[in-house]
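> Can you look at this prediction? I've put the sequence above it.
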Amino acid sequence: MTEIKLKKLVPEAKLPQKMTEHAAGFDLFSANKENIVIKRGEVALIPTGLAVSLPEGFEAQIRPRSGLALNYQIGILNSPGTIDADYRGEIKIILFNFGKENFVVKPSSRIAQMVISKYEKVTFSLSEKLDETERGEGGFGHTKY
């Protein structure tokens, strides 16, 4: 198991929580002291009050919560967002209101999920020819439903 260090930046910050035993993501909570209203069609940057120290070779992916998406049409504008291993600033969530009604982020609201992922270090090399596949250059809807 990999240990991830977190730092509370404000007293009201809540630690990420898994809501079920086998959940891949940890719910992130808002660290606002007062309600934040996100008007329809608008964006808000929501604080979590947390900073993270990820080990080299890991990233944290920030993803929307399905309940917020389905019930309130609230999403994350740059989904999935990425927190790199060398970032030490506050984790903030870019929420977008796709809905028709204003949305209120109350203090300590569950606003996103964070999934910790390991990644490979790679290098790129230029090549005049790539290996061939059955798909080839087919993309963007090239398969039939």
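Here it is on my side, so go on. Numbering: from 1, shown residues only.

> any idea which element the closest residue to Leu45 other than its chain neighbours lies in?
Sequence neighbours aside, Lys92 is the residue nearest to Leu45 in space, at 5.1 Å (criterion: Cβ to Cβ, 6 or more residues apart in numbering). Any C-beta I mention is one placed from the backbone N, CA and C, and that applies to glycine too. If you go by DSSP states H and E, Lys92 is part of strand 90-97.

> From Val122, how far out is the residue lying farthest from the centre of the chain?
Distance to the chain centre peaks in the chain at Glu128, reaching 36.7 Å (criterion: Cα atoms, centre = their mean). Distance, Glu128 to Val122, by Cβ to Cβ, to the nearest Å: 20 Å.

> count of neighbours near Pro80?
Number of residues near Pro80 (other Cβ atoms under 10 Å) recorded here: 16.

> what's near enough to touch it?
By Cβ atoms under 8 Å, 6 or more residues apart in numbering, the contact list for Pro80 reads Gln61, Ile62, Arg63, Val115.

> let's go with 7 Å and repeat that
Taking Cβ atoms under 7 Å, 6 or more residues apart in numbering, we find Pro80 in contact with Gln61, Ile62, Arg63.

> Which pLDDT value goes with it?
Predicted confidence (pLDDT) for Pro80: 93.

> Which residue is the nearest non-sequential neighbour of it?
Gln61 (4.3 Å).

> any idea of the pLDDT on the one you found?
The model's pLDDT for Gln61 equals 98.

> That one bridge partners, please.
Beta-bridge partners recorded for Gln61 (DSSP bridges): Thr82, Val115.

> returning to what we had before: hmm, the residue nearest to Leu45 is touching Pro47, no?
Yes: with contact defined as Cβ atoms under 7 Å, Lys92 and Pro47 form a contacting pair (5.5 Å).

> ok, Gly81 to Tyr87 distance?
Separation of Gly81 from Tyr87 (Cβ to Cβ): 11 Å.
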